[in-house]
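S.K.: Sequence unavailable; structure follows:
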């Protein structure tokens with residue numbers, strides 16, 4: 001879950017996917033694999049037919065959905081973005097269960113742009129994140145704010161710290 005903390009000389013954004021949630025995603029990912037078994041293996045198809053083609057397409061779709069859940073659980077990012085006013089540095093770090101932690105350190109002068117990104121969802125309200133673009137074209141986005149005003153306030157604190 002995303003957290004945002006700010007004081008006079010440090011701002012920290014942390015986003016972590018809990019291990020229990022990762023396990024649930026992976027387990028849910030195996031459920032769609034029942035469709036290929038029920039549609040292709042269990043019926044013991046004798047020859048090629050139109051219903052078999054339909055079963056193959058449904059099975060491929062089920063496998064794709066299952067893999068999406070499994071990969072989300074395995075490769076979902078944990079990330080941190082630290083702005084340190086004393087050292088005038090920004091440290092960005094990310095990891096997944098399969099990718100070891102990677103850290104990048106930048107000076108405040110390496111920040112090219114900061115902005116609020118809006119994510120519009122079809123089934124739920126929009127969310128807002130703070131995006132930072134660095135001189136080497138690395139972009140990172142942190143925070144998942146429910147209200148645009150909260151994201152704007154976080155961005156303003158970042159801008160005040162880096163000035």
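M.R.: All right, it came through fine. No experiment lies behind these values; they were computed from the predicted model shown. Residues are numbered from 1 along each chain as shown.
S.K.: max-length helix in the chain?
M.R.: Taking DSSP state H as the criterion, the chain has its longest helix at helix 50-75.
S.K.: Buried residues, it. List them.
M.R.: Buried positions in helix 50-75, judged by neighbour count with 16 or more other Cβ atoms under 10 Å: 55, 59, 62, 65, 66, 69, 70, 72, 73. Quick note: C-beta positions are derived from backbone N, CA and C, even for glycine.
S.K.: most distant residue from the middle of the protein?
M.R.: Most distant from the centre of the chain: residue 46, at 44.4 Å, with distances by Cα atoms, centre = their mean.
S.K.: if I've got this straight, that one is in a helix?
M.R.: No: remark: residue 46 does not belong to a helix; assigned using DSSP: H, G, I helix; E, B strand; the rest coil, it is coil.
S.K.: mind checking how far it is from residue 52?
M.R.: Distance of residue 46 to residue 52, given as Cβ to Cβ, to the nearest Å: 9 Å.
S.K.: Give me the pLDDT value at residue 7.
M.R.: For residue 7, the pLDDT comes out at 88.
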